[in-house]
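> Quick one, what's the 3D model for this:
(chains A, B, C and D)
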Number of protein chains: 2
Amino acid sequence: MEDSAHPKRSVTVADVAKTAKVSKATAARVLGGYGVVSDKIKDEVMAAAAALEYRPNELARSMSTGRSGIIGVVVGDIENAFFSLAVRGISDAARLAGFNVIIANSGEQLEAEKSAVDLLIGKRVDGLIVTPARCDRLDHLQHVRRAGVPLVLFDRAIPELDVDAVTGDDREAALSATRHLIGRGHRRLAYISAMEAEEGGLTDIARISNSAVRERVEGFVSALTEAGLPNPLHYIRLGATDQHQTDAVIKRLLSEISPPTALLASDSLVGLRIFKSLQSLGLSIPEDVSMISFLDADWTSVTVPPITIIDQRVYELGKLAGERLVARIEGNQLAVERLRVATSLVLRGSVATIGR
Amino acid sequence: MEDSAHPKRSVTVADVAKTAKVSKATAARVLGGYGVVSDKIKDEVMAAAAALEYRPNELARSMSTGRSGIIGVVVGDIENAFFSLAVRGISDAARLAGFNVIIANSGEQLEAEKSAVDLLIGKRVDGLIVTPARCDRLDHLQHVRRAGVPLVLFDRAIPELDVDAVTGDDREAALSATRHLIGRGHRRLAYISAMEAEEGGLTDIARISNSAVRERVEGFVSALTEAGLPNPLHYIRLGATDQHQTDAVIKRLLSEISPPTALLASDSLVGLRIFKSLQSLGLSIPEDVSMISFLDADWTSVTVPPITIIDQRVYELGKLAGERLVARIEGNQLAVERLRVATSLVLRGSVATIGR
DNA sequence: ATATGTCGTGAGACCGGTCTCTTTATATGA
DNA sequence: TCATATAAAGAGACCGGTCTCACGACATAT
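Okay, the predicted model is just below:
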């Protein structure tokens, strides 16, 4: 009957102390596991705590210690396999070090990211891992630093910000994937991303505000340039934000006078959309078009043909970010670094060799 | 230079009050947005706060208000698409109501679940959404109720626990999927789950500790029974926990004297493993074996053939759970309910019609 | 002119822990 | 035997907010 879940004042150290007939300080020592207490008293306090079903109020604990035991993570979208895998890696690293993880979604929107960061700072997280939506806006992140909260950037770097970053080796990854395509005889290659498009096509690579995408594009362009192929920017397309947009992008691309023979997808979501687009256009891979996607997503290994992908080792990426942040929180004096996790090209069946 | 991120006492209301030359109480009123303050003073305080870059300490706020603005979620594994989609739904509902979400992984282990729950209670979350690993162990969940923290079960129900649950209509889903298979002429059907196997095969359905799986199995068995098929439990296999185990399960299953002609996968991870198993055995779907999987996972729509699936509307499921919990937190007097979200069978190409 | 009410502000208790400092009891050494 | 060191327990400040209550000033009612 007395089960009704109303206000319900919770059991505090003071309550335990009273039942155990000791001072609040002593009970706190036992329950908090610090200081010195005789075994006899310790037992009595523990018994009282068990009887009352005492649970420490971590909030109060954090208040006085100044440490919350929480790591804040701001990601683009947990629904995206890239992030959910990364979060798993981060959580594992965090848990191992005794931290918990609180996750916030930015939806890749700067404003949402800002408020998420503010909120987490307000919750007094011990450290923050952020996937910055844009690498050219850093005031809110600078504020994190000024607040004295350790910060690690994830997946994207901001050189102007003097802070650790854990990313894949995106430039190298795109470079080697593109070289692979060129090596197979492809001469007209397209790069497709879900980034929001600026009107009038891509004119300046340096203006891409997401460093991961920028570096991938740089790698892509480098490979084309070193192979002496003309107009490297011509087939770079942004705006593949959903299936409909992607269908449009692909259709436009393939109806050019000399259409690309191979597509490089900036992430697995874009890759999946491209795959579906091609499928719905009745085109077969790799006979009609070759493709390579970033991320070893579930779907890439069960299609016909299975998709050649760039394995980003996302779990390791997340774990590394988590470990790095923990080290910072624990005050290890480390030089600010950009940690790059090597990627690898996994050859499967989605790239054709073009005859000579 | 003064950027070094050391202890760094943060700016408090008292600091702002001093700069604005008002009392702490007044500054708090302005910054906390409560009580009455004249516009003049309000402006002065805001100016001081801006100058000092004041950020409220949510911890302290939670301490005195008793509300943390956080919803705790304990899931089996965020890496699993089912959960990451659900978490997205929960977060969206939570954010809409001004709550944040803190996620903990249980890895479907009871002990990990217990400590996650304890920890979140300790952090004084305003409410809890839990995917119970086992439906026959409820002491820790009962403790949640006794602590006065609103609780909503997700994906699985525990009738003995007087608490809301949001689940799919698993029985009905399995029933209709199985009926579909039977209608297509299948007579020997297997059900495959990743649940840990008890030795000696499945003897008693009621002993399945995960209610979602149990209800699915019940639906499966009901369909077989109503069709007058013998030995409904014969082809139910547990233990498809990883690719290797699944390969073994499938191989054993298909080397029976009269092997099943159709497989029902308990979730999309199992489904994917089954698909890969069949692929590696050189069997084709649906000619050699038919299959249906739970969850509209990415991979199911791009295989050849695409997989017939049971759409669980996971996002809605999560959203509903989030909304329900918020309603409870806000004190709405609601009858304890089990909310079932209807599923639907999405026919694609993985089920063959068996000749008569 | 006095009583009553409202508004804006200040003082300080409180939330539930941690932690420093002080006091008391017991052991050790000269 | 008395001084001193040491262990164990208690008292109370503190963290940074919220919030109740008291107080003074001014407006309105009587």
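> any idea of the mean pLDDT for stretch A:168-184?
Per-residue pLDDT values across stretch A:168-184 average out to 97.
> what comes up buried for that stretch?
A:168-182 (16 or more other CB atoms under 10 Å in any protein chain shown). Bear in mind the C-beta positions are built from the backbone N, C-alpha and C, glycine included.
> cool, and stretch A:146-164?
Counting neighbours by 16+ other CB under 10 Å, the buried set in stretch A:146-164 is A:147, A:149-158, A:161, A:163-164.
> CA atoms only for it - export them in CSV, please.
Only the C-alpha atoms of stretch A:146-164 are listed here, as CSV (Å, rounded to 0.1, in the frame of the first residue of the first chain):
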residue,chain,number,x,y,z
ARG,A,146,38.0,28.1,-21.0
ALA,A,147,35.7,26.4,-18.6
GLY,A,148,38.5,23.9,-17.9
VAL,A,149,36.7,20.9,-19.2
PRO,A,150,38.8,18.4,-21.2
LEU,A,151,37.7,18.1,-24.8
VAL,A,152,38.4,15.6,-27.5
LEU,A,153,37.2,16.1,-31.1
PHE,A,154,35.9,13.1,-32.8
ASP,A,155,36.0,12.2,-36.5
ARG,A,156,36.8,15.8,-37.4
ALA,A,157,39.7,18.1,-36.5
ILE,A,158,39.9,21.8,-36.0
PRO,A,159,43.6,22.8,-36.3
GLU,A,160,42.9,26.3,-35.0
LEU,A,161,41.6,24.8,-31.8
ASP,A,162,44.4,23.6,-29.6
VAL,A,163,42.8,20.4,-28.7
ASP,A,164,43.1,16.6,-29.2
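> how much space between the residue nearest the centre of chain A and B:L151?
Central residue of chain A (CA atoms, centre = their mean): A:F83, 4.6 Å from the mean position. From A:F83 across to B:L151, the span is 27 Å (CB to CB, to the nearest Å).
> swap in A:L52?
21 Å.
> again with A:V314
33 Å.
> List the ones among the buried residues of stretch A:168-184 that fall in strands.
A:G168 (DSSP state E).
> Quick check: of the buried residues of stretch A:168-184, which lies closest to chain B?
Of all those, A:G168 has the smallest distance to chain B: 18.2 Å, by CB to the nearest CB.
> Which residue or residues pair with the closest one through a beta bridge?
When bridges are called by DSSP bridges, A:G168 pairs up with A:V341.
> so it sits right up against A:A212, yeah?
Yes - here A:G168 lies in contact with A:A212, judged by CB atoms under 8 Å, at a distance of 7.2 Å.
> where do the contact lists of the two overlap?
A:D155 (CB atoms under 8 Å, 6 or more residues apart in numbering or on different chains).
> domain parsing for chain A?
Chain A breaks down into these domains under automatic domain parsing: A:13-56, A:68-168+A:314-341, A:170-312.
> of all the ones you listed, which lies closest to DNA strand D?
domain A:13-56 (3.3 Å; CB to the nearest atom of the strand).
> about what we covered before: identify whichever of the domains of chain A lies nearest to DNA strand C.
Ranking the domains of chain A by their distance to DNA strand C (criterion: CB to the nearest atom of the strand) puts domain A:13-56 first, at 2.9 Å.
> So, low pLDDT: which residues of the stretch 101-250 of chain A?
A:200 (pLDDT under 70).
> Residue numbers of it in contact with chain B?
Listed as neighbours of chain B in the stretch 101-250 of chain A under the rule CB under 8 Å from any CB of the partner chain: A:101-105, A:118-119, A:121-124, A:143, A:145-150.
> Quick one, which of those residues are buried?
Buried among those by 16+ other CB under 10 Å: A:101-105, A:119, A:121-124, A:143, A:145, A:147, A:149-150.
> State the three-state secondary structure for the closest residue to A:V130 other than its chain neighbours.
Nearest non-adjacent residue to A:V130, counting by CB to CB, 6 or more residues apart in numbering or on different chains: A:V74, 4.6 Å away. Put simply, A:V74 is strand when judged by DSSP: H, G, I helix; E, B strand; the rest coil.
> beta partners of A:V74?
With DSSP bridges as the rule, A:V74 is bridged to A:A104, A:V130.
> Pull the contacting residues for it.
Here A:V74 is in contact with A:I103, A:A104, A:N105, A:S106, A:E113, A:A116, A:V117, A:L120, A:L128, A:I129, A:V130, A:T131 (CB under 8 Å, 6+ apart).
> For the stretch 1-150 of chain A, what lies in contact range of DNA strand D?
A:22-26, A:28, A:36-38, A:40-41, A:60, A:63-64 (CB under 7 Å from any atom of the strand).
> Flag the least confident of these.
Within those, lowest confidence goes to A:V36 (89).
> which SSE is that residue in?
Per DSSP states H and E: A:V36 is located in neither a helix nor a strand.
> do A:R328 as well
Per DSSP H and E: helix A:314-329 holds A:R328.
> can you list contacts of that helix?
By CB under 8 Å, 6+ apart, helix A:314-329 touches A:71, A:82, A:85-94, A:97, A:99, A:126-129, A:150-152, A:154-155, A:164, A:166-168, A:295, A:334, A:339, A:341.
> model confidence over that helix, on average?
Rounded mean pLDDT across helix A:314-329 is 97.
> same check, this time on stretch A:67-79
The model assigns stretch A:67-79 a mean pLDDT of 92.
> Filter the contacts of helix A:314-329 down to the ones in helices?
If you go by DSSP state H, the contacts of helix A:314-329 have A:F82, A:L85, A:A86, A:V87, A:R88, A:G89, A:I90, A:S91, A:D92, A:A93, A:A94 in helices.
> and which of the residues you listed is nearest to A:I257?
A:F82 (35.0 Å; CB to CB).
> Please report how far that closest one lies from A:Q312.
Distance from A:F82 to A:Q312, by CB to CB: 8 Å.
> okay, those two: which has more neighbours?
Neighbour count, other CB atoms under 10 Å in any protein chain shown: between A:F82 and A:Q312, A:Q312 has more, with 27 against 23.
> that older thread, for the domains of chain A, which one sits closest to B:R237?
Short answer: domain A:170-312, nearest of the domains of chain A by CB to CB, at 21.2 Å.
> Now find how far off-centre that closest one is within its chain.
Relative to the centre of its chain, domain A:170-312 is centred 21 Å away, using CA atoms, centre = their mean, to the nearest Å.
> what about that domain, start to end distance?
9 Å (CA to CA, to the nearest Å).
> for stretch A:197-211, same thing?
Termini of stretch A:197-211 sit 15 Å apart (CA to CA).
> Show me what it is in contact with.
Outside stretch A:197-211, the residues that reach it (CB under 8 Å, 6+ apart) are A:133-137, A:156-158, A:167, A:170, A:195, A:214, A:217-218, A:221, A:233, A:236-239.
> list the buried ones in it?
A:A197, A:L202, A:I205, A:I208, A:S209, A:N210, A:S211.
> can you tell me which residues contact A:I274?
Applying CB under 8 Å, 6+ apart, the residues near A:I274 are A:I192, A:A240, A:T246, A:I250, A:L263, A:A265, A:M291, A:S293.
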